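Trainee: Predicted model and sequence follow; I will ask about them next.
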Amino acid sequence: MKRWLIVGLLFATSLLVVIYGVKASDRGFFMPEQLGGVKIVIDPGHGGLDGGASFGDVIERDITLKIAHDLKKKLEKKGAMVVMTREKEGDAIAEHAPGEKFGTIRQRKLADLKLRESIAIEESRYVP
């Protein structure tokens with residue numbers, strides 16, 4: 001019984017050494033991520049009622065959102081922490097403060113811009 005226990009323990013140890021060796025051969029195992037510790041705020045322009053420029057069915061707000069999502073994925077793969085001011089089709093107000101009411105479209109757009117600015121400022125604060 002003791003013999004089988006020792007053989008099993010040696011087998012498990014050998015297996016762990018092999019697994020570690022395979023991981024150690026991966027350069028990323030020892031190297032930190034390229035953008036590790038970096039926080040990036042992405043602000044996909046327009047959104048909601050403000051569609052931006054358009055041509056036929058192509059609307060700027062949709063393009064900026066798609067590009068922002070693609071960029072976010074690429075930056076996160078490199079280790080960056082990414083914050084987006086909006087991740088959905090609506091504007092930043094619809095996503096972060098959906099209950100707010102505004103008298104005019106102009107007031108909403110101004111509040112949306114100020115919200116995006118405050119998100120960027122808040123996320124860029126250094127917190128040790």
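Mentor: That came in fine, so what should we check first?

Trainee: which secondary element of this structure has the worst mean pLDDT?
Mentor: Least confident element among the helices and strands of the chain, by mean pLDDT, DSSP states H and E: helix 27-30 (a mean of 56).

Trainee: Which SSE is immediately downstream of it?
Mentor: Note on helix 27-30: by DSSP states H and E, the next helix or strand toward the C-terminus is strand 39-42.

Trainee: Which residues does that following strand contact?
Mentor: Residues from elsewhere that reach strand 39-42, judged by C-beta atoms under 8 Å, 6 or more residues apart in numbering: 68, 71-72, 75, 80-85, 119-120, 123-124. Every residue, glycine included, has its C-beta placed from N, CA and C.

Trainee: Quick one: buried ones out of those?
Mentor: The neighbour count (16 or more other C-beta atoms under 10 Å) marks 68, 72, 75, 80, 82-85, 119 as buried among the contacts of strand 39-42.

Trainee: In strands, which of these fall?
Mentor: 82-84 (DSSP state E).

Trainee: export those residues to CSV and tack on distance to residue 92 and pLDDT?
Mentor: Shown next, in CSV, are these (distance: C-beta to C-beta, whole Å; pLDDT from 0 to 100):
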residue, distance to residue 92, pLDDT
82, 16, 94
83, 12, 95
84, 9, 96
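
Trainee: Which member of those residues is positioned nearest residue 56?
Mentor: Here the nearest of those to residue 56, counting by C-beta to C-beta, is residue 84; it sits at 26.6 Å.

Trainee: buried ones in the longest helix anywhere in the chain?
Mentor: Taking DSSP state H as the assignment, the helix of the chain that covers the most residues is helix 2-24. Buried residues in helix 2-24, counting neighbours by 16+ other C-beta under 10 Å, are absent.

Trainee: circling back: now distance to residue 19 too, for the ones in strands among the buried ones among the contacts of strand 39-42, in JSON lines please.
Mentor: Below are these laid out as JSON lines (distance: C-beta to C-beta, whole Å):
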{"residue": "82", "distance to residue 19": "31"}
{"residue": "83", "distance to residue 19": "35"}
{"residue": "84", "distance to residue 19": "37"}
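
Trainee: Great, nothing more from me.
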